[in-house]
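**Student:** heads up, no residue letters with this:
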């Protein structure tokens, strides 16, 4: 069972992305996804599905989140 929600993930992702001065487009490009997907994650509409992410994408997301 996950101890986080899509909404919590989105709020934290946005705060950390902005702290690092990254646009949605720049962050998306860094992990190989679109700005619209980043927007959906940040709004809590969706969250990354770890099985579908490439290893490099997963590492970048976890690095950003820690």
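**Tutor:** Yes, it's here. Just so it is clear, the model here is predicted, and its values are computed rather than measured.
**Student:** Which of the residues in stretch 26-45 are classified as buried?
**Tutor:** In terms of neighbour count (16 or more other CB atoms under 10 Å), stretch 26-45 has its buried residues at 27, 28, 31, 33, 38, 41, 42. In this view, the C-beta of every residue, glycine as well, is placed from N, C-alpha and C.
**Student:** can you redo those as CSV with pLDDT, distance to residue 4 and secondary structure?
**Tutor:** As requested, the buried residues of stretch 26-45 are exported to CSV (pLDDT from 0 to 100; distance: CB to CB, whole Å; DSSP: H, G, I helix; E, B strand; the rest coil):
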residue, pLDDT, distance to residue 4, secondary structure
27, 89, 19, helix
28, 89, 21, helix
31, 81, 19, helix
33, 87, 19, coil
38, 94, 17, helix
41, 92, 12, helix
42, 94, 14, helix
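**Student:** Could you provide these in JSON lines, with additional columns for distance to residue 11?
**Tutor:** Shown next, in JSON lines, are those (distance: CB to CB, whole Å):
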{"residue": "27", "distance to residue 11": "15"}
{"residue": "28", "distance to residue 11": "18"}
{"residue": "31", "distance to residue 11": "18"}
{"residue": "33", "distance to residue 11": "19"}
{"residue": "38", "distance to residue 11": "13"}
{"residue": "41", "distance to residue 11": "10"}
{"residue": "42", "distance to residue 11": "8"}
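**Student:** Name the pair among the residues you listed with the greatest separation in space.
**Tutor:** 31 and 42 (13.5 Å; CB to CB).
**Student:** Show me the shaky parts of the protein.
**Tutor:** Within the chain, the set of residues satisfying pLDDT under 70 comprises 1-3, 49-66.
**Student:** does residue 37 really touch residue 47, like I thought?
**Tutor:** No - contact criterion CB atoms under 8 Å: residue 37 and residue 47 do not qualify, at 10.4 Å.
**Student:** tell me the contacts of residue 17?
**Tutor:** 24, 27, 38, 42, 64 (CB atoms under 8 Å, 6 or more residues apart in numbering).
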